[in-house]
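Novice: Structure for the following, please:
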Amino acid sequence: MKRLELFEFEDFDWLPDVIRTGVTNLIKVLHSLMGTTDVLADVITECQKKINFNQIIDLGSGSGGPMINVIDKINKDKEIEKPIELMLSDKNPNTKIVKRINELELPNVKYLRNSVDALEIKNLPNGLKTMIASFHHMSPNIAKKILLYAEDSKEPFLIYELAENNIPFIVWCLLLPISLPILIFMSLILTLFVRPLTIKQIVFTYIIPVIPIVYAWDGQASIMRTYTFEDIKTLIGKRKNSAYTWEMCQAKKKNGKKAGYYILGYSTIDTPYNRVDGPGHE
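Specialist: Alright, predicted model coming up:
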C-alpha cells in the first residue's frame with residue numbers, strides 16, 4: 001500500500017477547537033478557490049444518472065466544507081421537482097459551527113448536532129453518503145470497514161479527495177523545506193477570504209501563527225495519507241456483494257484539468273435510495 005500512516009494535528013482530540021476550526025476554515029476557502037464546488041456538482045449530477053437519491057448525508061463535514069455550495073448549485077441549476085437535501089455531520093462536531101450553520105436556515109441544509117461516526121453507515125438515513133477530502137484520515141483498518149459497511153448496506157457512497165498521492169515518499173521529504181513555508185505563506189493569504197473572520201482566527205494566524213503551521217503540516221501529510229486507486233482495490237479485496245459496484249475516476253474541471261479523484265460505490269439492484277426516512281440524528 002502506497003498510503004502512509006502519518007499524523008495530522010486535526011486527528012488529535014487535544015487540538016483546541018479554535019485551531020481546528022481555523023484550519024478547516026482555510027480548507028473551505030481552498031476548495032472554493034480550486035473550483036471544487038463545480039467539480040463536485042458535476043460528479044454528484046453524474047451520480048444521479050446512475051442512482052436515485054434526493055438526500056445526501058455528508059460525513060466529516062468540519063466547518064461545512066464545499067458541500068453547502070455544491071447543493072445550492074445543483075438545486076439552482078437543475079429544474080427538479082424535489083431538491084436535494086443535505087445533512088452535514090461530524091464525529092466531533094463543533095457546537096458553535098453547528099449552531100451558526102443551522103441558524104442561517106439555509107434551504108435544504110441541516111447540520112446534525114450529535115456525533116456521527118463514518119462506521120455508522122448502516123444506521124444513518126437513506127441517501128448518498130459522502131466523504132469529501134476526509135477519507136484519507138481513516139486508518140486502513142477503519143477505511144476497510146467503512147467500504148465494507150457501505151457495500152453491505154447497499155447504500156450509495158461517494159469519496160472525493162482533492163489531493164493525490166502520486167509522488168515518491170523520498171521526493172516528498174526532500175520538498176518539505178520548500179513546501180511547508182509556501183503553505184504557511186498561502187495560509188496568510190487564504191485567511192483574508194475566511195467568512196466570518198473572527199478575532200481568534202486573526203490572532204492565531206498573524207500574531208501566534210499556530211493555524212498556519214498546523215495547516216501547512218496537515219496539508220503536506222494528507223498527500224502521503226491519501227489512498228491511491230490501487231490502495232482502494234486492496235481495501236475492497238474480494239467483493240462479497242456482486243450486485244454492488246465500485247467506480248474509481250479522475251475528477252476534472254470543465255476545462256479538462258485534473259481536480260482530484262472520486263470513488264463511487266452503489267448497488268446495481270434497484271433500491272429505494274430516495275427514501276428519506278430512517279433513524280433520526282438530532
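
Novice: A strand includes I159, no?
Specialist: Yes: using DSSP: H, G, I helix; E, B strand; the rest coil, the assignment for I159 is a strand.

Novice: Can you give me the pLDDT of it?
Specialist: We have a pLDDT of 97 for I159.

Novice: do the same with V276
Specialist: Confidence at V276, expressed as pLDDT, is 37.

Novice: Low-confidence ranges, this protein, go.
Specialist: 79-81, 239-241, 270-282 (pLDDT under 70).

Novice: how does it look with 80?
Specialist: Residues of the chain meeting the criterion pLDDT under 80: 78-81, 122, 238-242, 269-282.

Novice: show me what contacts the residue of it most remote from its centre?
Specialist: Each residue of the chain has a distance to the centre, and by C-alpha atoms, centre = their mean the biggest one is for I207: 29.6 Å. Contacts for I207 (C-beta atoms under 8 Å, 6 or more residues apart in numbering) come out as none. The way it works is simple: take the backbone N, C-alpha and C, and place the C-beta from them, glycine included.

Novice: Quick check: it vs L183, distance?
Specialist: From I207 across to L183, the span is 19 Å (C-beta to C-beta, to the nearest Å).

Novice: What distance do you get for the residue farthest from the centre of the chain to V214?
Specialist: 15 Å.

Novice: Likewise for Q55?
Specialist: Distance of Q55 to V214, given as C-beta to C-beta: 33 Å.

Novice: ranges for the strands of the stretch 1-150 of the chain?
Specialist: With DSSP state E, counting those that start in this stretch, the ranges of strands along the stretch 1-150 of the chain come out as 55-59, 85-88, 109-111, 128-132.

Novice: Of all those, which one comes closest to E151?
Specialist: Among the strands of the stretch 1-150 of the chain, strand 128-132 comes nearest to E151, with 11.9 Å by C-beta to C-beta.

Novice: For W246, pull up the helix or strand it's in.
Specialist: Following DSSP states H and E, one finds W246 within strand 244-252.

Novice: moving C-terminal of that strand, what's the next helix or strand?
Specialist: By DSSP H and E, the next helix or strand past strand 244-252 is strand 258-267.

Novice: Any buried residues in that following strand, and which?
Specialist: Going by neighbour count (16 or more other C-beta atoms under 10 Å), the buried part of strand 258-267 is A259, G260, Y261, Y262, I263, L264, G265, Y266, S267.

Novice: Around the residue nearest to the last one when sequence neighbours are not counted, count how many other residues there are.
Specialist: When the adjacent residues along the chain are set aside, S267 lies closest to K154, with 4.2 Å between them (C-beta to C-beta, 6 or more residues apart in numbering). Burial of K154 is recorded as 17 neighbouring residues (other C-beta atoms under 10 Å).

Novice: Great, nothing more from me.
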